[in-house]
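Engineer: sequence first, predicted model second:
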Amino acid sequence: MKLNLLTLALASSLVALLVGCDSTTPQAGFQMPPQQVDTVTLESKTVLFEQQLPARAVAASVAEVRPQVSGIILKRLFDEGSTVQAGDALYQIDDAIYQANLASAKAELLRSKANLQSKSAELKRYQQLLKDNAASQQAFDQVQADYLAEEAELAVRKAAVHRAEVDISFTKVLAPISGIISKSNMTEGALVTAAQSQVLTTITQLDPIYFDLVQANNQLRNIRTRLASGELQQVEQVARLDFSNGQSYGQTGQLQFNEVQTNPSTDTVTLRVQFSNPEQHLLPGMYGQVNLVQAQRDNSILVPQKAVTFDRGGKANVFVLAKENKVEARRITVGRSFGQNWLVLSGLNSGEKVITTGLQKIGPGMVVVPVSDTKQAG
């Protein structure tokens with residue numbers, strides 16, 4: 001009996017000892033350590049307002065070559081698909097009839113000069129006779145009129161010679177612009193007529209080359225309104241060209257103009273950007289994405305998107321690291337995105353530190369431990 005009582009007492013003491021040593025029992029005065037966070041120090045900067053717009057390449061100039069005189073093509077003087085310069089000879093048209101016309105016009109000019117010389121001498125005689133009262137005023141007036149008529153005829157003959165010379169020059173068909181020349185639609189020996197509807201060939205100028213892009217009217221209007229208000233500033237409107245395979249064109253372009261009318265069916269405006277194309281890698285009809293800088297905004301604050309949370313009402317909020325490493329909740333207004341950042345329109349200032357990690361584990365008034373800090377967003 002004594003043994004059983006002793007055993008029971010020892011068991012009770014052991015249970016009490018085990019309960020007292022349980023490590024899961026909370027200890028009075030225990031506190032969780034402060035949450036570690038990363039921050040970014042905001043700095044004001046100038047940001048460029050760039051729009052990416054679909055674009056299609058358009059030749060700067062396209063010239064359809066047609067004959068300006070009629071005749072037989074004696075020779076084609078270019079290689080199809082080659083580069084030609086403005087003024088290069090492309091075709092030679094038979095000029096025999098035009099040479100004959102020139103010779104005839106020159107002969108008529110000589111005759112007119114001789115007639116004018118005769119009329120001039122006669123006019124001088126009648127001037128003297130009129131002074132001597134040996135000729136009537138009527139006779140003098142007739143001689144003077146004949147002289148003036150012959151003088152006008154001489155001008156006509158000179159114009160005829162010039163026209164004949166121009167016709168001869170037109171028998172050599174010249175390139176009106178520089179560019180790549182297409183195939184010839186007429187062969188040697190073919191009869192052509194002046195200003196015929198069928199083109200002889202086509203020349204396409206590829207350097208420079210244009211890209212026509214389309215922008216929503218409300219986007220363009222928004223940019224212009226903010227420029228007028230002074231929020232945005234004018235900037236040189238440069239452009240970058242990206243292709244569908246992810247590659248970029250090596251040269252920047254310049255905005256040439258934008259249409260003054262809106263397409264009523266799409267509510268869009270067409271803009272034209274010019275790119276230098278010395279290697280002729282860009283061809284008409286080619287598709288691409290043009291990134292066009294349209295304005296800039298000075299003294300702008302960018303905040304990482306990962307630091308911003310939105311409530312059910314769509315309002316943006318951030319946690320700011322305040323004095324003594326305390327967390328301050330801040331309501332902000334954001335605009336468009338720039339990469340992985342939001343443009344802050346109001347609510348934050350340059351030099352403030354915004355918390356970027358551990359957002360689910362902190363709240364207003366809590367003390368945190370900043371571990372790392374990035375000096376600038378963006």
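Structural biologist: Nice, I can see it. All figures in this text were calculated on a predicted structure; none of them were measured in a lab. Numbers count the residues shown, from 1 in each chain.
Engineer: give me the buried positions along the helix or strand encompassing I203.
Structural biologist: Element membership for I203, per DSSP states H and E: strand 201-216. Residues of strand 201-216 classed as buried by neighbour count (16 or more other C-beta atoms under 10 Å): 201-213, 215. (Glycine included, C-beta is placed from N, CA and C.)
Engineer: verify the stated contact: L42 with E352.
Structural biologist: Yes. Contact criterion C-beta atoms under 8 Å: L42 and E352 qualify, at 5.3 Å.
Engineer: give me the distance between the residue nearest to F257 when sequence neighbours are not counted and N258.
Structural biologist: The spatially closest residue to F257, leaving aside those adjacent along the chain, is R272, at 5.7 Å (C-beta to C-beta, 6 or more residues apart in numbering). Here the criterion is C-beta to C-beta, to the nearest Å. By it, R272 lies 7 Å from N258.
Engineer: again, but for P278
Structural biologist: For P278, the distance to N258 - C-beta to C-beta - is 26 Å.
Engineer: look at the two and report which has more neighbours.
Structural biologist: Neighbour count, other C-beta atoms under 10 Å: between P278 and N258, N258 has more, with 14 against 9.
Engineer: show me what contacts that one?
Structural biologist: Q215, L220, V269, T270, L271, R272 (C-beta atoms under 8 Å, 6 or more residues apart in numbering).
Engineer: which one of those is nearest to G285?
Structural biologist: Of all these, G285 sits closest to R272, with 15.3 Å by C-beta to C-beta.
Engineer: helix or strand for the closest residue to E122 other than its chain neighbours, which one?
Structural biologist: Leaving aside its sequence neighbours, E122 sits nearest to V143 (C-beta to C-beta, 6+ apart; 5.5 Å). With secondary structure defined by DSSP H and E, V143 is part of helix 137-170.
Engineer: and that helix, what does it pack onto?
Structural biologist: Using 3 or more C-beta pairs under 8 Å, 6 or more residues apart in numbering; DSSP states H and E as the contact test, the elements touching helix 137-170 are helix 96-131.
Engineer: so for the helix it packs on, what gets flagged as buried?
Structural biologist: Within helix 96-131, judged by 16+ other C-beta under 10 Å, the buried ones are 98, 101-102, 105, 108-109, 112, 115-116, 119, 123, 126, 130.
Engineer: between those, which is closest to A295?
Structural biologist: Y98 (59.1 Å).
Engineer: state the distance from that closest one to P67.
Structural biologist: Y98 is 12 Å from P67, by C-beta to C-beta.
Engineer: go on, Q196?
Structural biologist: For Q196 relative to P67 (C-beta to C-beta), the value is 7 Å.
Engineer: isn't the residue nearest to E122 up against Y126?
Structural biologist: Yes. V143 is in contact with Y126 according to C-beta under 8 Å; the separation is 4.6 Å.
Engineer: of the contacts of N258, select the buried ones using a PyMOL command.
Structural biologist: Entered in PyMOL, the line below selects the buried ones among the contacts of N258, by 16+ other C-beta under 10 Å:
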select buried, resi 215+220+269+271+272
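Engineer: now the contacts of N258 in JSON lines, with secondary structure?
Structural biologist: Converted to JSON lines, the contacts of N258 look like this (DSSP: H, G, I helix; E, B strand; the rest coil):
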{"residue": "Q215", "secondary structure": "strand"}
{"residue": "L220", "secondary structure": "helix"}
{"residue": "V269", "secondary structure": "strand"}
{"residue": "T270", "secondary structure": "strand"}
{"residue": "L271", "secondary structure": "strand"}
{"residue": "R272", "secondary structure": "strand"}
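Engineer: any regions of the protein where pLDDT drops low?
Structural biologist: By pLDDT under 70, the weakly predicted segments of the chain are 1-30, 376-378.
Engineer: could you pull out the helices for it?
Structural biologist: 2-20, 96-131, 137-170, 217-229 (DSSP state H).
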